[in-house]
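*Asks:* My questions are about this predicted structure, shown below with the sequence.
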Amino acid sequence: MFKEGTCPKCRETIQVPEDRETILCMYCGQEIRVDEVLGKKKQFDIVRYGECYNRAMLDMKDMIRTCEDPVKRFKKDSYEGEFERFHSSHREMYEAIAFVYQNDEQPDRWLQKLADLFVSEAKSALESCKNKGKKNQLQLDMNLMLGVYLIPSIRKYPAKFSEQFADCIVTTWNRELKASVGKSSFDDIESGFHKKLCYITTAVCESIGKGLDCYELTLLKQYRDEHLEMTQEGHELVEDYYNIAPTIVKRIEKRSERDQIYGALYQNYILPCVEMIEEKKYDACREQYEKMVLELKAEYIS
């Protein structure tokens, strides 16, 4: 006979057989006790609560301390593996957060407290940097770690707190650190790599009303694949572009004058590159392409 109850791990409503001692939750995949699902186990485990509370707090603090050059790992050939390692290494932290969230009298305040702690650690790390260049680089590294690893990882974890916790962190981070980190998912980021998108050119063309199959995009992709990628120097330029372009587009999208920015990029870089390709001036196009990458990096990354 089946009865309805609530998974103690992810808080989803599930049907369970009364004659079983344990089952696997169909939502989170965790082994759970049937008596806990049916609410028969009422005694509060204060020891486990304390352990989970401390584990979650410590792990969130350590995440800032161990943020080292995430840009090197954020590449199309390695991102999926790096993300999976990050997600797996923090699973116990998510389980600890879930337990406290399920048992705390004010679970919303608990999530905000964790977010505040995380951001406070980041601010302390930045304040300890006396060199302006190193301080700027550290914030960029932390922004990247947050945007492409932590937030997508939290959202991937199958629990009711996940989306709320991601919102808490992103909102607090952007407010306190004057940043503009978005709430991305792993699928969003990974699909961008696999589609081999010309991020900036695509954003520009969409802004001025051109489709994804427009002449400019098609020609520039062909130039990238048949000319730039054929040399070591060109390949490195393309790799540099793909490492920074998603961040640049996200930051441009936050600007109120984004349409003007995209319009200027179209006139100053995309149209000249198209004309050079049409005239078979491939080296001149590469120089123009490189100039665009360097200037955008100086404006939106450095």
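*Replies:* Arrived safely, thanks for sending.
*Asks:* okay, which residue is most central for this protein?
*Replies:* Nearest residue to the geometric centre of the chain (C-alpha atoms, centre = their mean): V148, 2.4 Å.
*Asks:* List of residues touching the strand or helix carrying L219?
*Replies:* Secondary-structure assignment from DSSP states H and E places L219 in helix 215-226. Contacting residues not belonging to helix 215-226 are listed as 196, 198, 201-202, 205, 210, 238, 270-271, 273-274, 277-278, 282, 285 [C-beta atoms under 8 Å, 6 or more residues apart in numbering]. Yep, even glycine has a C-beta here, placed from its N, CA and C like the rest.
*Asks:* now do 10 Å
*Replies:* Residues lying outside helix 215-226 but in contact with it, judged by C-beta atoms under 10 Å, 6 or more residues apart in numbering, are 196-198, 201-202, 204-206, 208, 210-212, 228-229, 234-235, 237-238, 241, 266, 270-271, 273-274, 276-278, 282, 285-286, 289.
*Asks:* which of those are buried?
*Replies:* For these, a burial check counting by 16 or more other C-beta atoms under 10 Å picks out 197-198, 201-202, 204-205, 210, 228, 234, 237-238, 241, 266, 270, 273-274, 276-277, 285-286, 289.
*Asks:* What residues sit buried inside the helix or strand hosting G234?
*Replies:* When elements are defined using DSSP H and E, G234 is found to belong to helix 232-253. Counting neighbours by 16+ other C-beta under 10 Å, one finds that the buried residues in helix 232-253 are 234, 237-238, 241-252.
*Asks:* Tell me the spacing between S185 and F83.
*Replies:* 11 Å (C-beta to C-beta, to the nearest Å).
*Asks:* Revised request: answer the last question for R175.
*Replies:* With the distance defined as C-beta to C-beta, R175 ends up 26 Å from F83.
*Asks:* higher neighbour count, the two?
*Replies:* Using other C-beta atoms under 10 Å, the more surrounded residue of R175 and F83 is F83, with 20 against 10.
*Asks:* hang on, the more buried one in a helix?
*Replies:* Yes: for F83, which was evaluated using DSSP: H, G, I helix; E, B strand; the rest coil, the result is membership in a helix.
*Asks:* That one contacts R155, correct?
*Replies:* No: at 11.7 Å, F83 and R155 do not qualify as touching, with contact defined as C-beta atoms under 10 Å.
*Asks:* what residues are shared contacts of these two?
*Replies:* By the contact definition C-beta under 10 Å, 6+ apart, F83 and R155 are jointly contacted by F186.
*Asks:* what about the nearest residue to S207 once chain neighbours are set aside, which helix or strand?
*Replies:* If the residues on either side of it in the chain are set aside, S207 comes closest to Y262, at 3.8 Å by C-beta to C-beta, 6 or more residues apart in numbering. Using DSSP H and E, the secondary-structure element containing Y262 is helix 258-265.
*Asks:* helices or strands up against that helix?
*Replies:* Packing contacts for helix 258-265, counted by 3 or more C-beta pairs under 10 Å, 6 or more residues apart in numbering; DSSP states H and E, involve helix 199-207, helix 232-253, helix 282-300.
*Asks:* what's the angle from the shortest one to helix 282-300?
*Replies:* What it means is helix 199-207. What separates the directions of helix 199-207 and helix 282-300 is an angle of 90 degrees, with axes from the mean of the first three to the mean of the last three C-alpha atoms, to 10 degrees.
*Asks:* What is helix 199-207 packed up against?
*Replies:* Packed against helix 199-207, as judged by 3+ C-beta pairs under 10 Å, 6+ apart, are the following elements: helix 215-226, helix 232-253, helix 258-265, helix 282-300.
*Asks:* Need the three-state assignment for V170.
*Replies:* With three-state DSSP as the basis, V170 sits in helix.
*Asks:* can you count the residues close to it?
*Replies:* Other residues within reach of V170 by the criterion other C-beta under 10 Å amount to 22.
*Asks:* backbone phi and psi for the residue nearest to it when sequence neighbours are not counted, please?
*Replies:* Nearest residue to V170 in three dimensions, chain neighbours excluded: K183, at 5.2 Å (C-beta to C-beta, 6+ apart). Main-chain dihedrals, K183, degrees, to the nearest 10: phi -100, psi 80.
*Asks:* ok, now which ones touch K183?
*Replies:* K183 makes contact with G147, I151, P152, I154, R155, E163, A166, D167, I169, V170, T171 under the criterion C-beta under 10 Å, 6+ apart.
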